[in-house]
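Q: sequence and predicted structure are below.
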Amino acid sequence: MESQREAGRKFIRHARLCAVLLAGACLLPQARADGPVQGTLQLRWGDARPATNGHAPTPSLLEAWLDQGPGLRHRLDVAEAMRAAGDLSALSNRRVAVSYGARRNAGAGPSIETIVPAGRLPSRAVAQEAGGRIAMAAPMIGNTRWVTVMCKFADVTAEPRPRAFFQAQYGEAPGQLGHYWSEVSYGAITLAGSTAHGWYTLPAPRADYITSASGRPRADLSRLFSDCTAQADAEVDFRNVQGINLVFNGELDGRAWGGGACAVLDGAHACTRATWSPPWGSDNVASLAHEMGHGYGLPHADNSDGDADPHDNPWDLMSDAWRHAGSDPVLGLLPKHLNMHHRDRLGWISPARKVVVPADNNAVHEIVLDAGSVLQSRHVQLVVLAGEAQPDPYRTVSYTVEARRRGGTYEAGLAGDAVILHRVAENGIAYSLDTDLPPADLSGNEGSMLKVGEQWGTPDGRHWVSVVASTSSGFRIRVGPRPRVMSAPVPAREGSPPARAASAAEARPTDRDGPTDRRPRAALACGRLTRRWQAFAACLLFER
């Protein structure tokens with residue numbers, strides 16, 4: 001109860017600060033413990049390529065910075081920032097206000113209490129969305145022009161690829177970035193007018209840009225961005241640019257990076273989306289698209305194995321861009337599609353193609369679910385299963401249901417044709433669910449696929465999903481509520497569920513001849529109890 005009260009108090013502080021800033025009342029120039037500070041939030045995700053056999057993977061990294069103008073930039077503690085914002089990545093590359101408070105430890109610097117948008121909120125973020133969470137991410141719609149700038153270290157003369165190679169990456173042919181982002185966004189964004197420039201020589205050798213942090217190499221991303229764009233500034237028009245892809249002729253720190261950066265562009269201090277790629281990253285469109293996704297404000301997707309590696313879900317470009325990917329002899333590995341939650345987050349899913357099942361749902365819904373790769377679909381492509389509302393809406397957990405089918409330029413290498421489930425939790429991250437126990441280290445296994453005749457239920461027992469049949473472009477599914485608790489135990493009639501879904505009783509899975517339940521054994525026992533109208537509260541003991 002106390003934790004709920006604290007979550008409620010935190011959300012109220014968050015909302016009050018947001019209201020004050022929207023009224024334009026807070027404009028403080030520097031970090032203080034007694035008032036909010038405004039600036040542009042820069043998030044930068046660092047992604048290593050898969051480790052070779054026998055070698056430990058390079059860990060992924062996340063940096064957070066607040067840029068207040070030329071020479072006024074300081075690093076934010078990532079863990080504090082994530083707690084303070086509720087959905088930190090939704091604020092990436094946006095103007096925010098950071099509120100500080102005193103730490104409990106005497107002598108320590110101020111701690112971050114809240115991070116809220118300082119500018120105009122997206123209209124859909126004014127209220128809580130139907131799924132129980134706040135849709136704080138700004139829609140990404142229209143032309144998003146990117147510029148590629150190719151830079152050489154002063155002591156490395158090689159030019160791995162000609163400018164024409166990078167210019168062609170922006171093309172509209174299948175496999176090229178212009179075509180990919182148009183397809184995955186259902187035409188919501190384009191890359192029209194994107195260009196490539198270089199090679200330019202940096203003013204310093206590689207060693208000057210690669211520092212050391214905790215004994216490991218770390219690229220000075222801000223300096224690389226400033227120096228590289230400065231060399232190109234006389235030739236490149238950076239006005240109205242939506243993103244800058246920096247390409248280098250040597251290794252950085254074992255990672256490619258994506259997010260945002262600020263520098264003097266065309267004579268004025270400006271902030272934009274940005275990526276930093278070594279040769280192994282810029283040679284593969286999949287890697288470059290992954291970092292551009294971070295530029296658009298997308299966090300990593302993940303699987304459910306509970307480890308610290310976010311690159312172990314090969315269903316998703318924003319997790320594992322390398323496995324189960326298609327390839328092209330010129331463009332290298334090709335990007336897979338994004339999960340439907342990420343697309344909805346950026347405003348790419350029309351209301352007609354999305355169904356939200358409320359937490360208190362008491363009906364059975366039969367839904368034709370098209371795969372996300374189907375363009376101009378006339379059916380549903382995203383089902384959101386709402387969870388119990390929490391005092392802090394950012395802590396509300398929801399679940400999503402989507403379909404994936406192998407085929408086309410980008411999805412042909414997927415692990416299978418199936419319904420895919422995600423848990424959407426802290427900071428808007430989508431975790432691919434796995435019914436195997438323990439969950440597999442790498443998603444794409446059978447446990448991550450719900451197929452015809454199989455069923456799954458949310459851990460809180462509020463919803464169940466069964467896959468009824470396959471269609472030419474996806475699946476037909478049923479979504480139902482938790483079984484009702486009768487005043488007196490009455491055995492349920494057993495047998496195959498009818499083909500239609502006229503009522504919850506008709507569509508409810510049965511003990512015999514029904515769909516194969518993909519929940520853990522304890523949860524199966526729970527299901528059998530509830531089907532015989534035992535008290536539902538007892539089932540929670542099995543599912544926890």
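A: Perfect, thanks for sending it. Residues are numbered from 1 along each chain as shown.

Q: give me the low-pLDDT residue ranges for the protein?
A: Where the chain drops to pLDDT under 70, the residues are 1-34, 54, 104-108, 120-135, 484-544.

Q: tell me who's in contact with the nearest residue to residue 174 once chain neighbours are set aside.
A: Nearest non-adjacent residue to residue 174, counting by C-beta to C-beta, 6 or more residues apart in numbering: residue 409, 4.2 Å away. C-beta here means a position set from N, CA and C on the backbone, and glycine is covered the same way. Counting by C-beta atoms under 8 Å, 6 or more residues apart in numbering, residue 409 touches 174, 175, 179, 183, 326, 334.

Q: shouldn't residue 409 be within a strand?
A: No: remark: residue 409 does not belong to a strand; assigned using DSSP: H, G, I helix; E, B strand; the rest coil, it is helix.

Q: just the buried ones from the contacts of residue 409?
A: 175, 179, 183, 326, 334 (16 or more other C-beta atoms under 10 Å).

Q: next, the buried residues of stretch 93-111.
A: With burial defined by 16+ other C-beta under 10 Å, the residues of stretch 93-111 counted as buried are 93, 94, 95, 96, 97, 98, 99, 100, 110, 111.

Q: ok, now stretch 71-86?
A: Quick answer for stretch 71-86 (16+ other C-beta under 10 Å): 76, 80, 81, 82, 83, 84, 85, 86.

Q: so which of those residues are in strands?
A: Judged by DSSP state E, the buried residues of stretch 71-86 include residue 76 as members of strands.

Q: quick one: the buried residues of stretch 71-86 as CSV, columns for distance to residue 146 too.
A: Shown next, in CSV, are the buried residues of stretch 71-86 (distance: C-beta to C-beta, whole Å):
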residue, distance to residue 146
76, 26
80, 32
81, 26
82, 27
83, 32
84, 30
85, 26
86, 29
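
Q: which single one of the buried residues of stretch 71-86 is nearest to residue 403?
A: residue 86 (29.7 Å; C-beta to C-beta).

Q: check the gap between the closest one and residue 181 for me.
A: For residue 86, the distance to residue 181 (C-beta to C-beta, to the nearest Å) stands at 28 Å.

Q: by contact count, what packs against the strand ranked longest in the chain?
A: Identified as the longest strand of the chain according to DSSP E is strand 36-47. Other helices and strands packing on strand 36-47, by 3 or more C-beta pairs under 8 Å, 6 or more residues apart in numbering; DSSP states H and E, are helix 2-22, strand 61-69, strand 95-101, strand 256-265, helix 285-295.

Q: buried residues, the last one. List them.
A: For helix 285-295, burial by neighbour count (16+ other C-beta under 10 Å) applies to 285, 286, 287, 288, 289, 290, 291, 292, 293, 294, 295.

Q: leaving out sequence neighbours, find the closest residue to the residue nearest to the spatial centre of the chain.
A: With distances taken as C-alpha atoms, centre = their mean, residue 299 lies nearest the centre of the chain, 4.0 Å away. Sequence neighbours aside, residue 89 is the residue nearest to residue 299 in space, at 4.0 Å (criterion: C-beta to C-beta, 6+ apart).

Q: same thing with residue 257?
A: residue 276 (4.2 Å).

Q: if we can go back for a sec, nearest to residue 466, of the buried ones among the contacts of residue 409?
A: Closest to residue 466, out of all of the buried ones among the contacts of residue 409 and judged by C-beta to C-beta, is residue 183, at 30.1 Å.

Q: check contacts around that closest one.
A: By C-beta under 8 Å, 6+ apart, the residues touching residue 183 are 375, 409, 410.

Q: what's the answer for residue 450, then?
A: Applying C-beta under 8 Å, 6+ apart, the residues near residue 450 are 418, 419, 420, 421, 456, 465, 467, 518.

Q: identify, from those residues, the entry nearest to residue 474.
A: residue 419 (8.4 Å).

Q: who does the closest one bridge with?
A: residue 403, residue 450 (DSSP bridges).

Q: from the buried residues of stretch 71-86, pick the one nearest residue 66.
A: For these, the nearest to residue 66 is residue 76 (5.8 Å; C-beta to C-beta).

Q: bridged to the closest one, which residues?
A: Residues in beta-bridge contact with residue 76 (DSSP bridges): residue 64.

Q: contacting residues around it?
A: So residue 76 contacts 64, 65, 66, 98, 112 (C-beta under 8 Å, 6+ apart).

Q: the third one reaches residue 84, doesn't it?
A: No: using C-beta atoms under 8 Å, residue 66 makes no contact with residue 84, being 11.8 Å away.

Q: output stretch 461-469 as CSV - backbone C-alpha positions only.
A: Only the C-alpha atoms of stretch 461-469 are listed here, as CSV (Å, rounded to 0.1, in the frame of the first residue of the first chain):
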residue,chain,number,x,y,z
GLY,A,461,-5.9,-13.9,-15.4
ARG,A,462,-7.8,-11.0,-16.9
HIS,A,463,-7.6,-12.2,-20.5
TRP,A,464,-7.0,-15.3,-22.6
VAL,A,465,-6.1,-15.6,-26.3
SER,A,466,-6.6,-18.6,-28.5
VAL,A,467,-5.6,-19.0,-32.1
VAL,A,468,-8.6,-20.5,-34.0
ALA,A,469,-7.5,-20.7,-37.6
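
Q: so how far is that stretch off the chain centroid?
A: 24 Å (C-alpha atoms, centre = their mean, to the nearest Å).

Q: show residues contacting that stretch.
A: Taking C-beta under 8 Å, 6+ apart as the rule, stretch 461-469 contacts 357, 359, 361, 366, 383, 385, 387-388, 399, 401, 419, 421, 450-458, 475-482, 509, 515, 526, 536, 539-540, 543.

Q: now, those that are in strands?
A: 357, 366, 383, 385, 399, 401, 419, 421, 454-457, 475-481.

Q: and the residues you listed, which are buried?
A: 357, 366, 383, 385, 399, 401, 419, 421, 454-457, 475-481.

Q: return the subset of the contacts of residue 409 lying in helices.
A: Judged by DSSP state H, helices contain the following of the contacts of residue 409: 179, 183.

Q: now render the contacts of residue 409 as JSON lines, adding distance to residue 309.
A: Shown next, in JSON lines, are the contacts of residue 409 (distance: C-beta to C-beta, whole Å):
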{"residue": "174", "distance to residue 309": "31"}
{"residue": "175", "distance to residue 309": "28"}
{"residue": "179", "distance to residue 309": "30"}
{"residue": "183", "distance to residue 309": "28"}
{"residue": "326", "distance to residue 309": "23"}
{"residue": "334", "distance to residue 309": "23"}
